[in-house]
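Participant: mind folding the following:
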Amino acid sequence: MTNSDNRYSSAISRLEELWSEPDGILYRLRQGEYRPGLADTVQTLLSSLEVNEDSQLPRRLVSLTWYIPTFIEWQLGRVKEAGGDVSALKREIDTVRNAVTRLLGAP
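Facilitator: A predicted model of the protein is given here:
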């Protein structure tokens, strides 16, 4: 197993934790609970991965990553209903989207 493979495996585990019940930050967001710093968490994790044009990313890593910005946007209503800071969450969406684009690229 190469260093890249180890980093990818570690990132996959950490991403799965973000999505998992009951304490994953993305799972909690689905419940309407916005925790400031979400973007920093995602950005730090994704920026720890070194990729170039020839990198082959594991499918699981991509599946856990590409959907995050859209998912966050879909939770704005739930956060609003729960009395959360929707404006701050909207700002975090841009940061997350940029981190995902840096990792996966843009069409």
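
Participant: hey, let's count contacts and neighbours off CA atoms from now on
Facilitator: Fine.

Participant: all helices for the chain, in order.
Facilitator: 3-19, 25-30, 38-47, 59-65, 68-74, 76-81, 86-104 (DSSP state H).

Participant: in the chain, where is pLDDT below threshold?
Facilitator: 1-4 (pLDDT under 70).

Participant: show me the contacts for the residue lying closest to residue 72 once chain neighbours are set aside.
Facilitator: Excluding the flanking residues, the one nearest residue 72 by CA to CA, 6 or more residues apart in numbering is residue 93, at 6.7 Å. Neighbouring residues of residue 93 by CA atoms under 8 Å, 6 or more residues apart in numbering: 39, 69, 72-73.

Participant: ok, the residue nearest to residue 76 when sequence neighbours are not counted - how many residues close by?
Facilitator: Using CA to CA, 6+ apart and skipping the chain neighbours, the partner closest in space to residue 76 is residue 86 (6.3 Å). For residue 86, the number of neighbouring residues by other CA atoms under 10 Å comes to 19.

Participant: I'd like to know how far residue 86 sits from residue 67.
Facilitator: Going from residue 86 to residue 67 by CA to CA, to the nearest Å gives 19 Å.
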